[in-house]
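In: No letters, just coordinates:
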């Protein structure tokens, strides 16, 4: 391996440097000769013999400490010459820039460049789940990020036999709360929008004791305008308990994409609305 020296630290090896003891001043004038251009070679001054000319040396009477820290200012640093600036607390911030050189920085996006740990009340997160103790309901157990109550700081229940998440279903309608639009109201599974978790009309499927529902459409006979003919669930007069006239017999007639927006008001009748909070009433996915 070839080794070359550069006494004046101007990145030009001594064997190529016409002025090995005086730094090139890189001013686009003969920058490859290794000599400063401001003064004749014979009259160049470097009072402290640190390789930096007095006119460019912020400390012309005191030699630079070459330790890879501000080596071009011409001033000595706090560490001995020939050594690298230390990082006593190993936090990646050298001691000369570290306001707390013996205590490592807490990297939590709060004043991360001062080199000091932050106050426990603002940074303590023992389970390293990104939810600080003041907001973490389970400070010693990390959050399971699965789109279900991800802000409480607690892990969700897991079926140990199949290693799959088990999600809550408050209304016991078979639709997880995370997907259920009506978490406290059970879906009345009638073949229409059964995936949204909401009952489709008031009283549907809620016949009480002693009340008959001859056509089994969810409306008891006493409120059903057609007690022996079941309702056609298509969001067209669904509250009357009657089947609709042809062609309304098909539930696809009025809401072709089954997104809950009737075709007559649906700007995208064949593409279901994605209900993401952005123009959710136009019937189009965003």
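Out: Nice, thanks for sending it over. Note that the structure is predicted; figures quoted are calculated from it, not measured. Numbers count the residues shown, from 1 in each chain.

In: CA atoms for contacts and neighbours, from now on please.
Out: OK.

In: The stretch 101-250 of the chain: strands as residue ranges?
Out: Using DSSP state E, counting those that start in this stretch, the strands of the stretch 101-250 of the chain run over 158-159, 164-165.

In: Mean pLDDT lowest where, among the ones you listed?
Out: Ranked by mean pLDDT, the strands of the stretch 101-250 of the chain end with strand 158-159 at the bottom, a mean of 48.

In: In stretch 217-227, which residues are buried?
Out: Of the residues in stretch 217-227, 217-221, 224-227 count as buried by neighbour count, 16 or more other C-alpha atoms under 10 Å.

In: tell me the mean pLDDT over it?
Out: Averaging pLDDT along stretch 217-227 gives 83.

In: Please apply the same query to stretch 136-144.
Out: Stretch 136-144 carries an average pLDDT of 83.

In: Give me the buried positions along it.
Out: 136-139, 142-144.

In: go on, stretch 4-14?
Out: Neighbour-count burial for stretch 4-14 flags 6-10, 12-14 (criterion: 16+ other C-alpha under 10 Å).

In: could these be laid out in TSV, adding pLDDT and distance to residue 34?
Out: Formatted as TSV, the buried residues of stretch 4-14 follow (pLDDT from 0 to 100; distance: C-alpha to C-alpha, whole Å):
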residue	pLDDT	distance to residue 34
6	83	10
7	84	11
8	83	9
9	84	10
10	83	7
12	87	6
13	87	9
14	84	9
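
In: which of those lies closest to residue 48?
Out: Looking at these and their distance to residue 48, the nearest is residue 8, at 12.6 Å (C-alpha to C-alpha).

In: quick one, what contacts that closest one?
Out: 20-23, 50-52 (C-alpha atoms under 8 Å, 6 or more residues apart in numbering).

In: Those in helices, which ones?
Out: Nothing among those maps onto helices, per DSSP state H.

In: So which of the residues you listed is surrounded by the most neighbours?
Out: Using other C-alpha atoms under 10 Å as the neighbour test, the contacts of residue 8 are led by residue 52, with 31 neighbours.

In: Quick check, pLDDT for that one.
Out: We note a pLDDT of 85 for residue 52 in this prediction.

In: what sits against it?
Out: Residues near residue 52 by C-alpha under 8 Å, 6+ apart: 8, 22-23, 46, 60, 72, 74.

In: tell me the two of those that are most distant?
Out: 8 and 60 (14.8 Å).

In: So which residue is dead centre in the protein?
Out: Central residue of the chain (C-alpha atoms, centre = their mean): residue 130, 10.5 Å from the mean position.
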